[in-house]
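Undergrad: this one's structure only:
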């Protein structure tokens, strides 16, 4: 017989969780701005300009920044806000 009991740890409190929450909000707003910029550039660019290498480079850089921001938000959520869990196994 294998029984697992998952107990939730203490709720994250203190200055670090508040800083993590504030950073998540700021990074989410930055990600929204970058996403808007990407969409704006793609939709409203002249087709001749959109086919040039500098345009593609700028979109690629913006996508890389967006990926980095999303990874940072995920890391801050897991480390800063998500509750710890303890697993007890009985056999």
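TA: Great, that's in hand. Worth saying up front: this structure is predicted, and the values here are computed from it rather than measured.
Undergrad: count residues in the vicinity of residue 36, would you?
TA: 10 (other C-beta atoms under 10 Å). Using the backbone N, CA and C atoms, a C-beta is placed for each residue, glycine as well.
Undergrad: and the one 3 residues further on, by the same measure?
TA: Other residues within reach of residue 39 by the criterion other C-beta under 10 Å amount to 10.
Undergrad: could you do residue 30 as well?
TA: Neighbours around residue 30, by other C-beta under 10 Å: 15.
Undergrad: looks to me like it is in a helix.
TA: Yes. Using DSSP: H, G, I helix; E, B strand; the rest coil, the assignment for residue 30 is a helix.
Undergrad: and the residue nearest the centre of this structure?
TA: With distances taken as C-alpha atoms, centre = their mean, the residue of the chain nearest its centroid is residue 70 (2.4 Å).
Undergrad: so that residue sits against residue 31, correct?
TA: Yes. Assessed by C-beta atoms under 8 Å, residue 70 is found in contact with residue 31 at 6.4 Å.
Undergrad: I am finished for the moment; much appreciated.
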